[in-house]
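Undergrad: coords please:
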Amino acid sequence: KIGIIGGTGLDDPDILEGRTEKYVTTPFGTPSDALILGKIKNVDCVLLARHGRHHTIVPSNVNYRANIWALKEENCSHVLVTTACGSLREEIQPGDLVIIDQFIDRTTKRHCTFYDGQQLPGVCHIPMAEPFCTKTREV
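TA: So this is what the prediction gives:
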């Protein structure tokens, strides 16, 4: 099952066949919106609008922990995430589709880890040297 966190432009539930909505709560609060379950070309998928379906949540207020937890609880084995952003490379132009391997996070005010000693036991340092799955990027 593939989780898709859609940003601006890829949060349209009409991309799913046989879709149903599911509202959930996690130990980290509620996700950005309902989980939209369905299929894309016979593959089970779960779509979640990062900013809410009415685009009401600014990037710094997105509950990323609840979003990821909800997809995990829905048994998603992989998560694909889209984003509309800029690049530091001049050869990448507006409208180009890029599969990224690194990023600079400019959001503020949000929790950056599940392991803050509150909901989950212990504190843990998570490396970010390679933030994306190499095998998924190759596909």
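Undergrad: output the below-cut-off pLDDT ranges for this protein.
TA: Within the chain, the stretches with pLDDT under 70 are 8-12.
Undergrad: for it, what spans make up the strands?
TA: Along the chain, counting by DSSP state E, strands occupy 2-6, 17-22, 35-40, 43-49, 78-81.
Undergrad: want to throw those into CSV with distance to residue 95 and mean neighbour count?
TA: C-beta: built from backbone N, CA, C; applies to glycine. CSV is the format used below for the strands of the chain (distance: least, C-beta to C-beta, whole Å; neighbours: other C-beta atoms under 10 Å):
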stretch, distance to residue 95, mean neighbour count
strand 2-6, 18, 21
strand 17-22, 28, 11
strand 35-40, 23, 18
strand 43-49, 22, 20
strand 78-81, 19, 15
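Undergrad: all helices of this protein, in order?
TA: Remark: helices assigned in the chain by DSSP state H are 64-73, 134-138.
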